[in-house]
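Chemist: Sequence first, then the predicted structure:
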Amino acid sequence: MSTAAAKNGRQVLGIVPSAFTEKNLIGKTCGKELKVATMHEWLLKMMEFSDVFIALPGGFGTLDELFQIVSWAQLNIHQKPIGVLNVNGFFDGLFSFLDHAVEQKFITQSAR
């Protein structure tokens, strides 16, 4: 996604936690790169520099980031758009869970 954005003239900033580089969990960054020490600092920098948040299929880290960003939106810490790219129904189970949480009145429909 960042490569496509950069190829279309958009500014891209890769914010890279040291844990990612130490374990070789990141490929080549297109655009500028900002290295940070911790995952907490990473999330704060993502909040500072991002215009929108888009969750792609992923694991626990992706879910953690998605729910952190959503909860911050609920608390009015930010007003940035949040999207989920549901490739091949990857997030269908998560959406079902969120529907269940709404039915059980743990989440409002507007927050869902």
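Modeler: All right, it came through fine. Residues are numbered from 1 along each chain as shown.

Chemist: Number of residues surrounding residue 17?
Modeler: If you count neighbours by other C-beta atoms under 10 Å, residue 17 ends up with 19. Where you see a C-beta, it was placed from the backbone N, CA and C, and this is true even at glycine.

Chemist: list the contacts for it?
Modeler: By C-beta atoms under 8 Å, 6 or more residues apart in numbering, residue 17 lies in contact with 35, 36, 37, 38, 39, 41, 42.

Chemist: For PyMOL, what selects the buried ones among those?
Modeler: This is the PyMOL syntax for the buried subset of the contacts of residue 17, where burial follows 16 or more other C-beta atoms under 10 Å:
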select buried, resi 36+42
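
Chemist: Show me the contacts of residue 17 that map onto strands.
Modeler: Residues of those located in strands (DSSP state E): 35, 36.

Chemist: longest helix anywhere in this protein?
Modeler: helix 60-74 (DSSP state H).

Chemist: which two from the contacts of residue 17 end up farthest apart in space?
Modeler: Within the contacts of residue 17, two members stand farthest from each other by C-beta to C-beta: 35 and 39, at 12.8 Å.

Chemist: re earlier: of all the contacts of residue 17, which comes closest to residue 28?
Modeler: residue 35 (14.4 Å).

Chemist: My guess is the closest one contacts residue 19. True?
Modeler: No: the pair residue 35 and residue 19 does not pass the contact test of C-beta atoms under 8 Å, sitting 11.0 Å apart.

Chemist: Output the contacts of residue 17 as CSV; include the columns distance to residue 95 and pLDDT.
Modeler: Shown next, in CSV, are the contacts of residue 17 (distance: C-beta to C-beta, whole Å; pLDDT from 0 to 100):
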residue, distance to residue 95, pLDDT
35, 35, 90
36, 31, 93
37, 34, 93
38, 31, 90
39, 26, 86
41, 31, 93
42, 26, 89
